[in-house]
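1. Pasting the sequence and the predicted coordinates here, then a few questions.
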Amino acid sequence: MTILIQNNAEGDALEYLVNRAAPQNLVLRLFENNVTPAETDTAASYTEATFAGYASVTLVGATWGAPSEGAPSLIAFPQQTFTSTAVQNKNVYGYYYTRAASGRIAGAERDPAAPFNILNVGDQYKVTPQITAD
């Protein structure tokens, strides 16, 4: 999967780079609407998952690994697992990041195998958050 960084996330990154704004933790969220991420998306473009057992995850800055610098550069966070706690019929199409304080979108990625169906107790959807820059 390849993450798409939306236009307002690019603006946020530029402000962080020049110390014009304070960075914020990212919040990892799954989405259940059938959408393909686009640069003009906002957080409202995505319908957050609602399956039983799901909760978004705040990705605390200090937990991200050290970046590997090069072409491309990469930074990663430990894998996150979302587990169903009930029999249900829900779909997951991918994940997106929002800023913890402002709620602005920071990136989104559609799973190439979407939709992933959550049916049974114990069904899991796993994401290893990473961001690549080149």
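-> Okay, I see it.
2. Relative to V87, how far out is the residue nearest in space to the middle of the chain?
-> The chain has Y96 as the residue nearest its centroid, 3.0 Å off, counting by CA atoms, centre = their mean. Y96 sits 26 Å away from V87, taking CB to CB, to the nearest Å as the criterion. Placement of C-beta: from N, CA and C, glycine included.
3. repeat for T132
-> Spatial separation of T132 from V87 under the definition CB to CB is 37 Å.
4. Next: P129.
-> In this view, P129 and V87 are 28 Å apart by CB to CB.
5. Compare these two and say which one has the larger neighbour count.
-> Counted by other CB atoms under 10 Å, P129 and V87 do not tie: P129 has more neighbours, with 21 against 11.
6. Please name the residues that touch the closest residue to A71 other than its chain neighbours.
-> Distances taken as CB to CB, 6 or more residues apart in numbering place D134 nearest to A71, at 5.9 Å, with adjacent residues excluded. Listed by CB atoms under 8 Å, 6 or more residues apart in numbering, the contact set of D134 reads A71, P72, S73.
7. still on that earlier bit, contact partners for the residue nearest to the centre of the chain?
-> Under the criterion of CB under 8 Å, 6+ apart, the neighbours of Y96 are R29, F31, P37, A43, Y46, I105, A106, G107, A108, E109.
8. hmm, 6 Å instead?
-> Listed by CB atoms under 6 Å, 6 or more residues apart in numbering, the contact partners of Y96 are R29, F31, Y46, A108.
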